[in-house]
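Asker: take a look and give me a structure for this.
(chains A and B)
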Amino acid sequence: MNRQPDPGAAPEGGMRTAQGDGGGDRERPPAIQVRDLTMAFGDFVLMRDLNFEIRQGEVFVIMGGSGCGKSTLMLHLLGLLEPRAGTIWYGDTNFTALEEEEREGILRRTGVLFQSGALWSHMTLAQNVSLALEEMTELTPEEISDVARLKLALVGLRGFEDYYPSEISGGMRKRAGLARAMALDPDVLFFDEPSAGLDPLSARRLDELILELSYSLGTTIVLVTHELESIFTVASNSIFLDTETRTQAAVGDPKFLRAHSNSDLVRTFLGRGVDPRATEAP
Amino acid sequence: MAHTLTKSHRGRLEITHADADRVSLVVGGAWSTAEGRPAGFDAAVDRVTSGGAFRRLEIVAESLDDWDTSLVSAIRNLADAAAERGAEVTLTDFPDGVTRLIALVDAVPEKSDARRGEGDITILERIGQATIFAGDAVQSTISFMGEVVIALGRIVTGRGIFRWGDLAHLMQRAGIEALGIAVLVSYLLGLILAFIGAIQFERYGASIYVADLVGIGMVRDMAALMTAIVMAGRSGAAYAAEIGSMRSTQELDALVTSGISPVEFLVVPRILAIAAMMPLLVIFADVAGILGGATVGLGMLDLSPTLYFEQTVRAVTPAHLYGGLIKGFAYGILVGVAGCLRGIQSGSSSLAVGAAATSAVVTGLVWIIAACGLFQVLQYVLGI
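Answerer: Next up is the predicted model:
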């Protein structure tokens, strides 16, 4: 049974109310809500008691040190892993309680850019983008071809429609993966370490693209990354996962958290190893 | 089950004005990629591409409720068509996002040499390409075999890399783990041979010769052949897939850059493992085949166990046994070489790894059958 969670319920520890004032647009309705989520593999509890909201149209970053469970959290949000406890809500639908077939309808409104691009290697770039359009819509082949060309052009790959993933560079594969993720104009786009393996210019261009998509199309963006430059460039809200305490250390705008988070770890992480409070003049 | 988003065409595109000076279009309603383009789109494209000449295309947004990239795609198509006819294009009252996305599409110009040529290939060109490809394939196969021999030489002389632990593990996989299926297939083959012989020999009251047929047939040829076929499908395909996957994940490149020859490190141990285990598997297959034949001889032809096995021992000579073992050893080398060759030659995509595994099995089978034919000729000439 789906039940709308109490929108007024504060996350455990009051972290968000204490620190989250700088993050997100409170007037926008939540696209995704996570309530008391525990992620575990067997007896090993990776993260517990995660509570946060991702509001429509915002760029939300899941951040933390290596191995803290950022990508695992994204896989939980996508239903690719089942939570040990807690719930995930898409709008007013309890995603966690849905059967696999029922989740399809929600997942169809999401797109994912995997860390390696994860393009289907036996298909051309245009075919990679077209597959979802062919299977999920009644568009004509001409319309599908037009949409695929446009999506590839949006990510700067005009003219590469007939190339196979093995014939293009890693950065281009990542952009083609983004074009595929955008095929059905999803409401929510997930990015897993989008800057990993990219040169600074390509990483910057991808950041600009993310911002442009968020601004122009109003797409909600969920980003898994620990690249500080990307975080400060694109994010309007974030969650910080702490490996030591195995729960969230802070939720809010990363620029706000860098200076004002109650957590030393968060300030030091976002200050690139330097705690801004510790360096302030007395 | 895949759900299909149905078309409802809530978007709107109308021609409001068209003369030699300008064509005006009004865009409105809700545009969604899943819903496709509105009915007016084709008419607008027809007017812009093949209607009377015009100097200016004006597209105005009016009561635009909701939109996504399908609107951007439609506008760009119309604008491109107008631009091709030399007309100026103006967009009026569009949301900022639409104009920004159009600018984004145009921000990176098409790479001039990126698009693939679409020239047709004639039948002669195809034959030529296939011939060159076949020539290259033969050359690379011979070259690979040369590399294997050189690597083996280096290992034997103590200059190459060789890890006994790896060899033992590979022998276990190619030997003990394959024993069950090799024995089962050979037992059934012995059974089948005995059935075929029984029908013919019974007519002449010579049922006892079923033991000769099965014994000589299995020990001399069939046990080695069937075991090799099983191993081609099992180990040959596995070798190609393993090495092919390592190609796709750059593990082979990592070996080379570490100064380790993939042929020494990966190929030679695999070929040695399967070549060493094949004769042992053939011995088990021989016994299983004879037992399969005995099942029919004792169960259907009422032959006594003593008589059947004595007849088998009389019929099967050491030359048959050694011949079978040598064939098994040779087939093992062929299966190992075919699997590793196709793995090393594999491309980097998942499709290529699958093709490498398939090709390893096909190549292995063809080589085994061809070698079997050669052995028959050789044994005929030598009178074995």
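
Asker: tell me where the stretch 101-250 of chain A has helices.
Answerer: A:125-136, A:141-154, A:170-181, A:200-217, A:228-234 (DSSP state H, counting those that start in this stretch).

Asker: A:Thr87 should be in a strand, yeah?
Answerer: Yes: counting by DSSP: H, G, I helix; E, B strand; the rest coil, one finds A:Thr87 located in a strand.

Asker: which ones are touching the nearest residue to B:Ser348 once chain neighbours are set aside?
Answerer: Take B:Ser348 and drop its neighbours on the chain: the residue closest to it by C-beta to C-beta, 6 or more residues apart in numbering or on different chains is B:Ser248, 4.3 Å away. Quick note: C-beta positions are derived from backbone N, CA and C, even for glycine. Applying C-beta atoms under 8 Å, 6 or more residues apart in numbering or on different chains to B:Ser248 gives the contacts B:346-350, B:352-353.

Asker: check B:Gly336 too.
Answerer: By C-beta under 8 Å, 6+ apart, the residues touching B:Gly336 are B:235-236, B:239, B:270-275.

Asker: at 6 Å instead, please
Answerer: By C-beta atoms under 6 Å, 6 or more residues apart in numbering or on different chains, the contact set of B:Gly336 is B:270-271, B:274.

Asker: chain B contacts on the stretch 1-150 of chain A?
Answerer: Contact residues, the stretch 1-150 of chain A versus chain B (C-beta under 6 Å from any C-beta of the partner chain): A:104, A:121-122, A:135-139, A:143, A:146-147, A:150.

Asker: which of the residues you listed are buried?
Answerer: Among the residues of the stretch 1-150 of chain A next to chain B, the ones that count as buried by 16 or more other C-beta atoms under 10 Å in any protein chain shown are A:121-122, A:136-137, A:139, A:143, A:146-147, A:150.

Asker: most widely separated two among these?
Answerer: Farthest pair in these (C-beta to C-beta) is A:Ser121 and A:Glu143. Separation: 25.8 Å.

Asker: so where do the strands sit in the stretch 1-150 of chain B?
Answerer: For the stretch 1-150 of chain B, the strands defined by DSSP state E, counting those that start in this stretch occupy B:11-18, B:22-30, B:56-66, B:88-92.

Asker: show me the contacts for B:Arg270.
Answerer: B:170, B:239, B:336, B:340 are the contacts of B:Arg270 under C-beta under 6 Å, 6+ apart.

Asker: revised request: answer the last question for B:Trp367.
Answerer: B:Trp367 neighbours (C-beta under 6 Å, 6+ apart): B:334, B:338.

Asker: ok, it to B:Gly97 distance?
Answerer: Using C-beta to C-beta, to the nearest Å, B:Trp367 is found at 62 Å from B:Gly97.

Asker: output the lowest mean pLDDT helix or strand found in chain B.
Answerer: Lowest on mean pLDDT, DSSP states H and E among the helices and strands of chain B sits helix B:251-257, with a mean of 81.

Asker: where does pLDDT dip in the chain?
Answerer: Picked chain A for this. Residue ranges of chain A with pLDDT under 70: A:1-27, A:275-282.

Asker: you looked at the wrong chain, it should be chain B
Answerer: Using pLDDT under 70, chain B drops low at B:1-9, B:112-119.

Asker: one more time with 50
Answerer: Chain B contains residues with pLDDT under 50 at B:1-7.

Asker: buried set for stretch B:54-62?
Answerer: By neighbour count on 16+ other C-beta under 10 Å, the buried set for stretch B:54-62 is B:54, B:57-61.

Asker: and the contacts of that stretch?
Answerer: Contacts of stretch B:54-62 (C-beta under 6 Å, 6+ apart): B:21-28, B:82, B:87-94.

Asker: again, only this time at 7 Å
Answerer: B:20-28, B:48, B:75, B:78, B:82, B:87-94 (C-beta atoms under 7 Å, 6 or more residues apart in numbering or on different chains).

Asker: just the C-alphas of the least confident helix or strand of chain B, formatted as PDB.
Answerer: Output of helix B:251-257 as PDB, limited to C-alpha atoms (Å, rounded to 0.1, in the frame of the first residue of the first chain):
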ATOM      1  CA  GLU B 251      44.200  -6.900 -19.000                       C
ATOM      2  CA  LEU B 252      46.200  -8.200 -22.000                       C
ATOM      3  CA  ASP B 253      47.700  -4.700 -22.500                       C
ATOM      4  CA  ALA B 254      48.500  -4.600 -18.800                       C
ATOM      5  CA  LEU B 255      50.500  -7.900 -19.100                       C
ATOM      6  CA  VAL B 256      52.400  -6.600 -22.200                       C
ATOM      7  CA  THR B 257      53.300  -3.300 -20.500                       C
END
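
Asker: and it, does that touch chain A?
Answerer: No: Helix B:251-257 stays clear of chain A (C-beta under 7 Å from any C-beta of the partner chain), getting no nearer than 14.3 Å.

Asker: what do you get for stretch B:39-49?
Answerer: No: Stretch B:39-49 stays clear of chain A (C-beta under 7 Å from any C-beta), getting no nearer than 9.3 Å.

Asker: save the contacts of B:Gly336 as a markdown table, and put in secondary structure too.
Answerer: A markdown table is the format used below for the contacts of B:Gly336 (three-state DSSP):
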| residue | secondary structure |
| --- | --- |
| B:Arg270 | helix |
| B:Ile271 | helix |
| B:Ile274 | helix |
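
Asker: now, which of the residues you listed sits nearest chain A?
Answerer: B:Arg270 (25.3 Å; C-beta to the nearest C-beta).

Asker: which of the buried residues of stretch B:54-62 sits closest to chain A?
Answerer: Nearest to chain A among the buried residues of stretch B:54-62 is B:Ala61, at 14.5 Å by C-beta to the nearest C-beta.

Asker: quick check: beta-bridge partners of the closest one?
Answerer: Per DSSP bridges, the residues bridged to B:Ala61 are B:Val27.

Asker: related to what we said a few turns ago, just name the most buried of the helices of the stretch 101-250 of chain A.
Answerer: helix A:170-181 (a mean of 24; mean count of other C-beta atoms under 10 Å in any protein chain shown).

Asker: what sits closest to B:Gly233 if chain neighbours are left out?
Answerer: That would be B:Val361: by C-beta to C-beta, 6+ apart, it lies 5.6 Å from B:Gly233.

Asker: that neighbour in helix, strand or coil?
Answerer: Here B:Val361 is recorded as helix under three-state DSSP.

Asker: list the contacts of it.
Answerer: Counting by C-beta under 7 Å, 6+ apart, B:Val361 touches B:232-233, B:236-237.

Asker: tally of neighbours for B:Ala83?
Answerer: For B:Ala83, the tally of surrounding residues (other C-beta atoms under 10 Å in any protein chain shown) stands at 13.

Asker: I should have written B:Ala228 there, sorry.
Answerer: So B:Ala228, with other C-beta under 10 Å, has 31 neighbours.

Asker: do the same with the one 3 residues further on
Answerer: Residues contacting B:Met231 under the criterion other C-beta under 10 Å number 29.

Asker: could you do the one 10 residues further on as well?
Answerer: The number of residues packed around B:Ala241, counting by other C-beta under 10 Å, is 20.
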